[in-house]
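[1] fold the stuff below for me.
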Amino acid sequence: METLPIRNPFPRAVSLLVEATGSTQGEARRLAEACGADGGGASPGSAFPHGSLVAANAQSSGRGRFPEREWVSEPGKNLLFTLFLDPTAASALPIRIGSALCDAVTLYGRSLGASFAVPPRLKWPNDLMFADRKAAGILCEAGSSGVFAGIGLNCNQLSFPPGLETKATSLALELGRDVGRWALLEIFLEALAGALRDADWRRRAESLLWRKGEPAIFLPGSAASSKGREQRALIGTVEGIDESGNLLFRERGKAKAQAHASGELRAGTYE
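    Numbering: from 1, shown residues only. Below is the predicted model:
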């Protein structure tokens, strides 16, 4: 493991790089525990304070929100990292992180004098999408004194395993050029620092929300896992996000939207 020479706007934060690991989430937890951050509180003098991160060039056991879903990444091509965040830093962390990632991707494209044919969107609660193709996922897990936010962003990967060809994309595919991973990571950290301070975060998140105002299918709670598929899927419209970061989804035929703390959105129609 070595120091990653990037700008990190979080005071006293450290940025580390490991060549290969099972999971950056596991690496960050081990570092936090070894430094006392996740065992006795992340103090200002901690060796792994708020905003610190561990990145990897290769990851063999990346995962998503559900146990049966893996995050597959070609070595050396993508951004794979975990941030350690103070849970008191802001509310609705997954949504703020997703909004910051969307903004960072857009800003990075502009820095190259390029733009995306389809703008990036935040698929509630944790995916970055280009149209109906996924480019990034975010996994937030609580520790005893902080939140570990694992992020996988497809940067330069140009092909995907069978079954994912029509579901996944990368920034290089969308931009038509290679992506500088570490330059993009710096832009993201700056965007996140701003998003954590933003009192108007909800308005910004809703402006980025995938399929907002459009027909969609919603699998509430455990129904989004393959183990809960017997539960009824809801057909309706994505209305927005509430102050806690919950999804506001109005089922077809209902007068008001209902707030959902967990579940999965899918593209769909009323037909």
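[2] contacts and neighbour counts: CA atoms only from here.
    OK.
[3] do a quick rundown of the helices in the stretch 51-200 of the chain.
    Remark: helices assigned in the stretch 51-200 of the chain by DSSP state H, counting those that start in this stretch are 93-111, 171-175, 181-197.
[4] mind listing what's buried along the first one?
    Neighbour-count burial for helix 93-111, counted by 16 or more other Cα atoms under 10 Å, picks out 93-109.
[5] A helix includes Ala32, no?
    Yes. Under DSSP: H, G, I helix; E, B strand; the rest coil, Ala32 sits within a helix.
[6] that one contacts Ser52, doesn't it?
    No. Contact between Ala32 and Ser52 fails when scored by Cα atoms under 8 Å: they sit 9.5 Å apart.
[7] still on that earlier bit, got the helices of the stretch 51-200 of the chain as a markdown table, with distance to Arg121 and mean pLDDT columns?
    Shown next, in a markdown table, are the helices of the stretch 51-200 of the chain (distance: least, Cα to Cα, whole Å; pLDDT from 0 to 100):
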| stretch | distance to Arg121 | mean pLDDT |
| --- | --- | --- |
| helix 93-111 | 6 | 96 |
| helix 171-175 | 13 | 96 |
| helix 181-197 | 15 | 97 |
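[8] can you pull out the low-pLDDT segments for the stretch 51-200 of the chain?
    61-71 (pLDDT under 70).
[9] please enumerate the strands of it.
    Applying DSSP state E, counting those that start in this stretch to the stretch 51-200 of the chain gives strands spanning 52-59, 79-85, 121-123, 127-130, 133-142, 147-153.
[10] which parts of stretch 175-190 are buried?
    Applying 16+ other Cα under 10 Å to stretch 175-190 flags 175, 179, 181, 184-190 as buried.
[11] ok, back up a step: kindly reformat the strands of the stretch 51-200 of the chain as JSON lines containing distance to Ala195.
    What follows is the strands of the stretch 51-200 of the chain, written out as JSON lines (distance: least, Cα to Cα, whole Å):
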{"stretch": "strand 52-59", "distance to Ala195": "16"}
{"stretch": "strand 79-85", "distance to Ala195": "13"}
{"stretch": "strand 121-123", "distance to Ala195": "14"}
{"stretch": "strand 127-130", "distance to Ala195": "16"}
{"stretch": "strand 133-142", "distance to Ala195": "16"}
{"stretch": "strand 147-153", "distance to Ala195": "15"}
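[12] select, out of these, the one closest to Lys256.
    Smallest distance to Lys256 across those (Cα to Cα): 21.1 Å, for strand 121-123.
[13] report the buried residues of that closest one.
    Applying 16+ other Cα under 10 Å to strand 121-123 flags 121-123 as buried.
[14] higher neighbour count, Ala32 and Ser52?
    More crowded of Ala32 and Ser52, by other Cα atoms under 10 Å: Ala32, with 26 against 23.
[15] do you know the pLDDT at the more buried one?
    For Ala32, the pLDDT comes out at 87.
[16] quick one: it from Thr3, how far?
    16 Å (Cα to Cα, to the nearest Å).
[17] again with Leu139
    23 Å.
[18] how about Glu190?
    19 Å.
[19] now Arg250, nearest residue through space, not along the chain?
    Ala257 (3.8 Å; Cα to Cα, 6 or more residues apart in numbering).
[20] my guess is that neighbour meets Glu239, correct?
    Yes. Checked against Cα under 8 Å, the pair Ala257 and Glu239 is within contact range at 6.9 Å.
[21] more neighbours: which of the two?
    Taking neighbours as other Cα under 10 Å, Ala257 and Glu239 compare with Glu239 leading, 21 against 17.
[22] and the more buried one, that one's in a strand?
    Yes. Checked against three-state DSSP, Glu239 lies within a strand.
[23] what does the pLDDT read for Pro220?
    pLDDT for Pro220: 92.
[24] number of nearby residues for the residue nearest to it when sequence neighbours are not counted?
    The shortest distance from Pro220 to any residue other than its chain neighbours is 4.2 Å, reached at Gly263 (Cα to Cα, 6+ apart). Counted by other Cα under 10 Å, the residues lying close to Gly263 total 18.
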